[in-house]
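Participant: everything below, folded, please.
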Amino acid sequence: MKDETSLASAEAYRRAAFADDLSLTLQEAWARLAHGVRDRRSPFHTPAIATIGPDGRPRMRTVVLREADVGQGLLRFHTDLRGAKVAELRREPRVALHAYDPRAKFQVRVEGIAGIHFDDAVADGAWGASRQMSRACYGTEPEPGTPLDAFDGFRIPSDEEEIDAGRKNFCAVLIRVATIETLYLDHAGHRRARFALGSATGSSWLTP
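Facilitator: Below you'll find the model as predicted:
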């Protein structure tokens, strides 16, 4: 019985096909980012982004991933132009992004340079593709981060005209990816890799 149980466990175990191949690992990273854009249930739909505050300390937030363009090496999320995050990115555009899928045991870390788009075709296209309920967030008053006297001391617009007026507060942030680092956890052997996009250093395995 013990041997049969061990055999069943061995048959159930499947090591990820990309695990031992650098090229496939990079493809897997981009595929999961792209899937996160489409699937709101994916852990890659809401990665964490790290910025540097004016005091030099790192700051992290969860964002919603809106685009993953492997051809251009770009990631996109949206935010409020009035928020502290935008001020931090204007001061220091270097950013890091992190996503982890506990079921797949696969982590992706990204470093890159952020560009803020609020009055151009990029922002217009992103706003046009957004749902009305998402647009309403950008008309919130007072502006994000304002101290309140009560937990509900803010207002989100509900009519179409007020929601559309929030366009002036909307911006799309494009991250031009410089490096991607992956970590795949497996009892048969972890795999960690680093990929430098557009660099002669290319890609390499790292000690997990």
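Participant: residue contacts, the residue positioned nearest the centre of the chain?
Facilitator: The centroid of the chain falls nearest to residue 47 when counting by Cα atoms, centre = their mean (4.0 Å). Contacts for residue 47 (Cβ atoms under 8 Å, 6 or more residues apart in numbering) come out as 36, 62-63, 65, 97-99. Bear in mind the C-beta positions are built from the backbone N, C-alpha and C, glycine included.
Participant: which among these end up buried?
Facilitator: For those, a neighbour count by 16 or more other Cβ atoms under 10 Å gives the buried set as 36, 63, 65, 97, 99.
Participant: of the residues you listed, closest to residue 116?
Facilitator: Nearest to residue 116 among these is residue 63, at 13.5 Å by Cβ to Cβ.
Participant: coming back round to it: can I get the buried ones among the contacts of residue 47 in TSV with distance to residue 197 and secondary structure?
Facilitator: Below are these laid out as TSV (distance: Cβ to Cβ, whole Å; DSSP: H, G, I helix; E, B strand; the rest coil):
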residue	distance to residue 197	secondary structure
36	18	helix
63	20	coil
65	17	coil
97	14	strand
99	17	strand
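Participant: hmm, back to that, now the residue nearest to the centre of the chain. Nearest residue, chain neighbours left out?
Facilitator: Leaving out its chain neighbours, the residue that sits closest to residue 47 by Cβ to Cβ, 6 or more residues apart in numbering is residue 99, at 3.9 Å.
Participant: residue 93: neighbour count?
Facilitator: Look at residue 93: counted by other Cβ atoms under 10 Å, it has 17 neighbours.
Participant: repeat for residue 33
Facilitator: 25.
Participant: wait, what's in contact with it?
Facilitator: Contacts of residue 33 (Cβ under 8 Å, 6+ apart): 44, 65, 68, 75, 99, 108.
Participant: now, which of the contacts of residue 47 sits nearest residue 141?
Facilitator: Here the nearest of the contacts of residue 47 to residue 141, counting by Cβ to Cβ, is residue 63; it sits at 21.9 Å.
Participant: correct me, but that closest one touches residue 80?
Facilitator: No - using Cβ atoms under 8 Å, residue 63 is not in contact with residue 80; the gap is 11.6 Å.
Participant: who does the longest strand along the chain pair up with?
Facilitator: Ordering each strand of the chain by length in residues (DSSP state E) puts strand 170-184 first. Applying DSSP bridges to the sheet, strand 170-184 is found paired with strand 74-80 (antiparallel), strand 106-117 (antiparallel), strand 191-196 (antiparallel).
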